[in-house]
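Asker: test case, fold it:
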Amino acid sequence: EIQKQKIDYVFTLEDSFISLFIVCLLEIPGVHFFHSLSYVKHFIDNPFFIKLLQTKTVFASSRFIKTKIKELLGVDAVLWYPIIDFSRYLTSRRVDKKKGIGFYSGGKHKGDVIINRIIERMPQNQFIVMGRNYHNQFKIAPPNLKYLGDVTDIKKFYEQIKVLLVPVSYTHLTL
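Answerer: The predicted model follows:
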């Protein structure tokens, strides 16, 4: 099917061994991208796939990943800076005991229920919540909750927190 498509260039990534194999087998030009060290490590025990990587331009998302690709796989990589401008998120490393626990709300289905339970059960901690879709069940907001709403300058959120909570799923979790 790929041959019928007459694809000019393919972008494979992480540990997509099958895609990399097919692209190399069909001699389709392309590049391979690594975003995480864990995926680089998947190649260590696969010398065949390391050989395939050597036929492609390999991109790394950081200097660290680029160095590890060379060290672990013996493959040179090109540094491809992330699309995300991390300077927008970095704040000073100053330790401030008054900083709170942060949560970015993507909506009720993204963990609001579990965060609300944690806020109730940890009244000694300050919680800072941002995001226009935040849904809380409180009739009166507890004193340990600061709701920011939408924040256009994300640093203003990160400067106020020392920990960021990122719930994975709340459907099977009970407190």
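Asker: going by C-alpha atoms from here, please, whenever you check contacts or count neighbours.
Answerer: Fine.
Asker: could you measure from the residue nearest to residue 106 when sequence neighbours are not counted over to residue 123?
Answerer: Nearest non-adjacent residue to residue 106, counting by C-alpha to C-alpha, 6 or more residues apart in numbering: residue 133, 5.9 Å away. Between residue 133 and residue 123 the computed distance is 23 Å (C-alpha to C-alpha, to the nearest Å).
Asker: how many other residues sit next to residue 161?
Answerer: Applying other C-alpha atoms under 10 Å, we find 20 other residues in the vicinity of residue 161.
Asker: what do you get for residue 152?
Answerer: 8.
Asker: pLDDT wise, what is it at?
Answerer: At residue 152, the predicted lDDT confidence score is 84.
Asker: how about it, phi and psi?
Answerer: Phi and psi for residue 152, reported as degrees, to the nearest 10, are phi -80, psi -30.
Asker: repeat that for residue 11.
Answerer: Per-residue torsions, residue 11: phi -110, psi 110 (degrees, to the nearest 10).
Asker: could you confirm the residue nearest to residue 106 falls within a helix?
Answerer: No. Residue 133 is assigned coil when assessed by DSSP: H, G, I helix; E, B strand; the rest coil, not a helix.
Asker: from here on, count from 46
Answerer: Got it, the first residue is 46 from now on, which makes the last one we talked about residue 178.
Asker: count of neighbours near it?
Answerer: Other residues lying near residue 178 total 16 when counted by other C-alpha under 10 Å.
Asker: quick one: buried residues of stretch 109-118?
Answerer: 110, 111, 112, 113, 114, 118 (16 or more other C-alpha atoms under 10 Å).
Asker: helices - which of those residues land there?
Answerer: Of the buried residues of stretch 109-118, the ones assigned to helices by DSSP state H are 110, 111, 112, 113, 114, 118.
Asker: didn't the first one look like it was pressed against residue 82?
Answerer: Yes. In terms of C-alpha atoms under 8 Å, residue 110 counts as a neighbour of residue 82; the distance is 6.1 Å.
Asker: just put the buried residues of stretch 109-118 in JSON lines and tack on pLDDT and distance to residue 160.
Answerer: Listed next are the buried residues of stretch 109-118 as JSON lines, based on pLDDT from 0 to 100; distance: C-alpha to C-alpha, whole Å:
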{"residue": "110", "pLDDT": "90", "distance to residue 160": "34"}
{"residue": "111", "pLDDT": "92", "distance to residue 160": "37"}
{"residue": "112", "pLDDT": "93", "distance to residue 160": "39"}
{"residue": "113", "pLDDT": "93", "distance to residue 160": "37"}
{"residue": "114", "pLDDT": "92", "distance to residue 160": "38"}
{"residue": "118", "pLDDT": "94", "distance to residue 160": "42"}
